[in-house]
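Participant: Here is a sequence with its predicted model. Questions after.
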Amino acid sequence: MPSATITEDLEILNAGGGPPANRGIDGGDSRGDSGSFYARERRMYLTGVSVALAGILMFFMALASSYIVRKGTGTDWQPIEMPGILWVNTAVLVASSITVEVARRKLAFAGGVSAFRNWWAITTALGVLFLGGQIVAWRVLADQGLFLATNPSSSFFYVLTASHGAHLLVGVLALLYVAVRTGQAAWRRRAIAAEGIAIYWHFLDGLWVFLLLLLNFGR
């Protein structure tokens, strides 16, 4: 019976174990047809993530286009020197993209809850570290007398980096949400959330690399 299957899964999770040995993260279930429900829920969840990412991409492409056009049409454009910490921040974000993927993959194995929590926590810490590094970068520019309204170049730097930082903050909050619900939600729903957040995180990682190259070589 489906209710018996769910009860058995919850008992295993409350005991600190992983998903049943005959049940994978892809929703396959040799004991019933609940995998089809999981597949539908996963498809709906990932469709929502895809739509959100499409909107974010359009937003940043509009900003990037404005950056390029504004740079070529005005005489008041004054290039700014990129703070060196931005490269450190980039390394931190790339590392976090690796750790979130490792964490997600741990959910595919029985008994992987503990490893998932550890790698998930590392990803969260790296995300917070990246945001802290961005604040340091803004402080460096402020010490040089470069603020939001100083010139068009500095304005775009603050707008682009702050917009990306705001979206990354949403990702950090999502990571924390999944972390605190690890012992409460059903295994499959947690796996779906982890997959969706990992996709979102990888997207922000790639987006940041693009923005850094734009700001560094397009200045």
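Facilitator: Okay, I see it.

Participant: what's the following helix or strand after the helix or strand bottoming out on mean pLDDT in the chain?
Facilitator: When the helices and strands of the chain are compared on mean pLDDT, DSSP states H and E, helix 2-14 comes out lowest with a mean of 39. The helix or strand immediately downstream of helix 2-14 is helix 34-73, counting by DSSP states H and E.

Participant: Going by contacts, tell me the helices and strands next to that following helix.
Facilitator: In this structure, helix 34-73 makes packing contacts with helix 2-14, helix 152-180, helix 187-217, judged by 3 or more C-beta pairs under 8 Å, 6 or more residues apart in numbering; DSSP states H and E. In this view, the C-beta of every residue, glycine as well, is placed from N, C-alpha and C.

Participant: List just the one of the ones you listed that sits closest to Thr123.
Facilitator: Set against Thr123 and scored by C-beta to C-beta, the helices and strands packed on helix 34-73 come closest in helix 152-180, at 6.2 Å.

Participant: and that closest one with helix 34-73, angle?
Facilitator: 170 degrees (axes from the mean of the first three to the mean of the last three C-alpha atoms, to 10 degrees).

Participant: burial count for Glu81?
Facilitator: Using other C-beta atoms under 10 Å, Glu81 is surrounded by 11 other residues.

Participant: ok, it - contacts?
Facilitator: Gln144 (C-beta atoms under 8 Å, 6 or more residues apart in numbering).

Participant: how far away is it from Ser153?
Facilitator: From Glu81 across to Ser153, the span is 10 Å (C-beta to C-beta, to the nearest Å).

Participant: on that earlier part again, can you lay out the helices and strands packed on helix 34-73 as a markdown table showing distance to Arg42?
Facilitator: Listed next are the helices and strands packed on helix 34-73 as a markdown table, based on distance: least, C-beta to C-beta, whole Å:
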| stretch | distance to Arg42 |
| --- | --- |
| helix 2-14 | 16 |
| helix 152-180 | 15 |
| helix 187-217 | 5 |
